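S.K.: below: sequence and its predicted model.
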Amino acid sequence: MAHQNIAILGATGNIGQELAKQISLKDAPYLGKNENPTNIIAMAGRGGFVLKQGGIEIQNDPGLIAELQGIDRKLASNGQPRTAFKNWLKGQPGYQEGQAKDLFDKIVKLGLIDDVVFVDLTADDLTEVHQQIIEAKGSIVTANKIPVAQSSWEVFQTLTRLRRKYAFSCSVMAGSGAVPYLQKCFDLKDEVLSIEGCFSGTLGKLCNLLHEGKITFSEAIRQLKAAGDTEPDARDDLSGMDVARKIVVLARAAGYKVDLQNVVVAPFIPEGFEDLAASRCNPEEFMEKCSVLNEIMADKFREVKGRGMTLKYVATLKIEDGVPKLTVGLREEELNSPLGSLKGNANKVLIYTDTDSDIPWDLGSGGSGIKRTAKNVRGDLRDIQISIAA
Ligand SMILES: NC(=O)c1ccc[n+]([C@@H]2O[C@H](COP(=O)([O-])OP(=O)(O)OC[C@H]3O[C@@H](n4cnc5c(N)ncnc54)[C@H](OP(=O)(O)O)[C@@H]3O)[C@@H](O)[C@H]2O)c1
């Protein structure tokens, strides 16, 4: 197999930086020696990119990547914007201002579209760019769930028609395997009867911290954000929308024609305060406002704990009279139940099918996590490479 060229959209973010680091340590040293090394030919941040056909040098310098990553982590933990990797990118020879679409156009113009896999590690609505890439017969690996969950069913089908061209396993459970399993059920006509699970490492960890009761709600959010464990805007987690998108992705992977509008979402934020999650203040102002919920959330978790139970943020798909019903919300769980016993930011999905109607297919994973997601992005890249070579 030849090496695999990739263009990273969102290269300056948590996963983008980690992906570059893993490639620099595990793939780039093997260019020309290994069967399937990855070669980063383009890196794009918001507003600009670098494209170098032979490969961008930083992938041969894991030390520099680690240094920039370290500075950015420190900035984030002090509540400041991460600027180190962005500034490095902007300082590269050939840096060009432009959007993801401009990078795509340039790659097409250079006749490289057949020889590049785009990796979407943004949290932006890049649906149109995904469509253009697929229409041009290009390939995509995405951890960004927006084009998969928020597009129309028709667009979803167009994007995902060819498995070897479009891999979206990292959009749920950091790529642990729920999406490919459901695609396999669909292909084998093993009807999926129900799905339930905890798909947010962030909300799982938050539930566990609030169950322990040692720190306040606002402090817990701050810690999670600083560690890169929340969505870029923590409101996407707290509003329940991130989990809603994930159950849509899983339902669609199983072949159900559902949209985000079909999900009945009860936000993590208690009733009466939903406006806080929906408010359009900037993410930092939002973090400050969170403290108004400290007492309410502490009481809520304490009361449930007092009854020997715990709260988890659970997403479900159930088929009722042939119609898929999707819900997302906090649910009381027994402490020793499969979902109630989840620790840290662990995720779990339980899937009942025609064949597995008594004991569910049960997949646990460490949940969100920058390293895990970057590894599984590389796994999706490998699968695409293998299927192209076959
Ligand atoms: N963190 C996890 O554990 C995890 C697990 C699974 C999946 N995911 C998904 O992976 C994606 C990335 O997560 P993350 O934690 O790495 O987020 P992040 O740190 O915020 O990184 C996103 C990056 O994308 C850049 N960006 C935004 N819009 C862009 C555009 N239109 N073109 C090019 N670059 C753009 C951002 O630049 P600016 O900083 O300038 O905005 C930022 O550098 C998200 O969709 C997330 O849902 C994350």
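M.R.: Good, I have the coordinates. What you see is a predicted model; the values in this text were computed from it and never measured.

S.K.: quickly list what Glu320 is bridged to.
M.R.: Glu320 has these beta-bridge partners by DSSP bridges: Val323.

S.K.: Lys101: neighbour count?
M.R.: 13 (other Cβ atoms under 10 Å). Bear in mind the C-beta positions are built from the backbone N, C-alpha and C, glycine included.

S.K.: show me what contacts the residue nearest to it when sequence neighbours are not counted?
M.R.: The shortest distance from Lys101 to any non-neighbouring residue, by Cβ to Cβ, 6 or more residues apart in numbering, is to Val129 (5.5 Å). Counting by Cβ atoms under 8 Å, 6 or more residues apart in numbering, Val129 makes contact with 9, 100-101, 104, 118.

S.K.: ok, now Trp153?
M.R.: Counting by Cβ under 8 Å, 6+ apart, Trp153 touches 252, 257-259.

S.K.: dump these into CSV; add pLDDT and neighbour count as well.
M.R.: Converted to CSV, those look like this (pLDDT from 0 to 100; neighbours: other Cβ atoms under 10 Å):
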residue, pLDDT, neighbour count
Arg252, 98, 25
Lys257, 97, 13
Val258, 97, 22
Asp259, 96, 16
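
S.K.: in helices, which of the residues you listed appear?
M.R.: Counting by DSSP state H, the part of the contacts of Trp153 found in helices is Arg252.

S.K.: hey, what's the nearest residue to Leu51 once chain neighbours are set aside bridged with?
M.R.: Leaving aside its chain neighbours, Leu51 sits nearest to Ala42 (4.4 Å; criterion: Cβ to Cβ, 6+ apart). Note on Ala42: beta-bridge partners Ala7, Leu51, judged by DSSP bridges.

S.K.: now Ala42: how far from the ligand?
M.R.: According to Cβ to the nearest ligand atom, to the nearest Å, Ala42 and the ligand sit 11 Å apart.

S.K.: surely that residue is in contact with Asp115?
M.R.: No: Ala42 is not in contact with Asp115 according to Cβ atoms under 8 Å; the separation is 11.9 Å.

S.K.: which elements pack onto the helix ranked longest in the chain?
M.R.: Identified as the longest helix of the chain according to DSSP H is helix 370-389. Counting contacts by 3 or more Cβ pairs under 8 Å, 6 or more residues apart in numbering; DSSP states H and E, helix 370-389 is packed against strand 4-9, helix 14-26, strand 116-120, strand 139-142, strand 166-167.

S.K.: before we move on, the earlier item: and Ala42 and Asp115? which has more neighbours close in?
M.R.: Between Ala42 and Asp115, counting by other Cβ under 10 Å, Ala42 is the more crowded of the two (25 against 16).

S.K.: for the ligand, what's its nearest residue on the protein.
M.R.: Among all residues of the chain, Gly13 sits closest to the ligand, at 1.9 Å; criterion: Cβ to the nearest ligand atom.

S.K.: ok, that residue - how many residues close by?
M.R.: 24.

S.K.: now it. Nearest residue, chain neighbours left out?
M.R.: Leu121 (5.8 Å).

S.K.: any idea how far Pro37 is from the one you found?
M.R.: As for Leu121, its distance to Pro37 is 19 Å (criterion: Cβ to Cβ, to the nearest Å).
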